[in-house]
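Chemist: here is a sequence together with a model predicted from it:
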Amino acid sequence: MGINHATSGAAVWFAATATLPALSTGLYPLAPMGVLAGALVCAGAALLPDADHHSGTIAHSVPVVGRLVARSVEDASGGHRHGAHTLFAALIVTLLAVLLGRVTTVLPLLGRVPVGPAIATIALICFAVKARDVVKRWSTAWFLGLVAAAAVLLFSPDNPVWFPVAVALGFVTHIAGDLLTVEGVPSLIWPIQVKPPKAWARTPGLRAIWKRNGYVSVPVLGHAGSVREHLLGVALALYCVYAFVAVAMQAGHVDLLAMH
């Protein structure tokens, strides 16, 4: 579900980039403000694969236009949970993010700023806060997107790599989440859709992992929207709150360890 995709995107970003007292990896450490800006971008990017769903969060983002865009993506990708839910799509989106990350301009007093990521951030943050039900009105969500874009202009890391990394992590996290449901995702080497041998397809248990239509699944969460999914979403949300507070305190130069 959209709310859990957004939450998982933010959680993965915090785990990869934040310096936390516990439960972080340090794989791609960033300064606190870069962590916070990237978490919002990653949360928004974690909704991008569902641009292929005419009833998804993105479809409702702009009156009429949102549905038209979602319907176009749905038709071009072959329907919901088809081409847009693949590593091939993740590669294309990441390449586009790389190009956007290179779009900069020079502003008075600020110098050279990442205008491409800032513009993309407007939409990504809008999707993220609406999926999390942080706000009720789309107009408010778009306003928050503008505020976040300003933050990206002012506080984003100097290295432009952060933006495509955030988009790629969010996109792949969405695919991983859908992989954990009964419905599964297309073949990892899509557009080549490899179907299992007949003996495999007839074997209980195995056919739930590699399906007759070539989809793959590790269905530990059950169906999309299940109780197990919501419990995981709550756990990830609590982790995001913990990480946000820790990083915000670091940004305010509050020593967490000194408080013990």
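Modeler: All right, it came through fine.
Chemist: ok, residue 223 to residue 2 distance?
Modeler: 15 Å (C-beta to C-beta, to the nearest Å). To be clear about C-beta, it is placed using only N, CA and C from the backbone, and glycine gets the same treatment.
Chemist: with neighbour numbers in mind, choose between the two.
Modeler: The neighbour count for residue 223 versus residue 2, taken as other C-beta atoms under 10 Å, is higher for residue 2 (21 against 12).
Chemist: correct me, but that one touches residue 47?
Modeler: Yes. Using C-beta atoms under 8 Å, residue 2 makes contact with residue 47 at a distance of 5.9 Å.
Chemist: and the helices in the chain?
Modeler: With helices called from DSSP state H, the chain shows them at 2-17, 32-45, 65-77, 87-101, 115-131, 138-155, 162-179, 198-201, 206-209, 227-251.
Chemist: so which of the ones you listed is nearest residue 185?
Modeler: Checking the helices of the chain against residue 185 by C-beta to C-beta gives helix 162-179 as the closest, at 5.0 Å.
Chemist: show me what that closest one is packed up against.
Modeler: Helices and strands touching helix 162-179, as assessed by 3 or more C-beta pairs under 8 Å, 6 or more residues apart in numbering; DSSP states H and E, comprise helix 2-17, helix 32-45, helix 87-101, helix 115-131.
Chemist: returning to that earlier point: possible to save the helices of the chain as TSV with distance to residue 109 and mean pLDDT?
Modeler: Output for those, formatted as TSV (distance: least, C-beta to C-beta, whole Å; pLDDT from 0 to 100):
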stretch	distance to residue 109	mean pLDDT
helix 2-17	28	91
helix 32-45	18	86
helix 65-77	34	59
helix 87-101	22	92
helix 115-131	15	79
helix 138-155	11	82
helix 162-179	22	94
helix 198-201	63	86
helix 206-209	56	88
helix 227-251	22	93
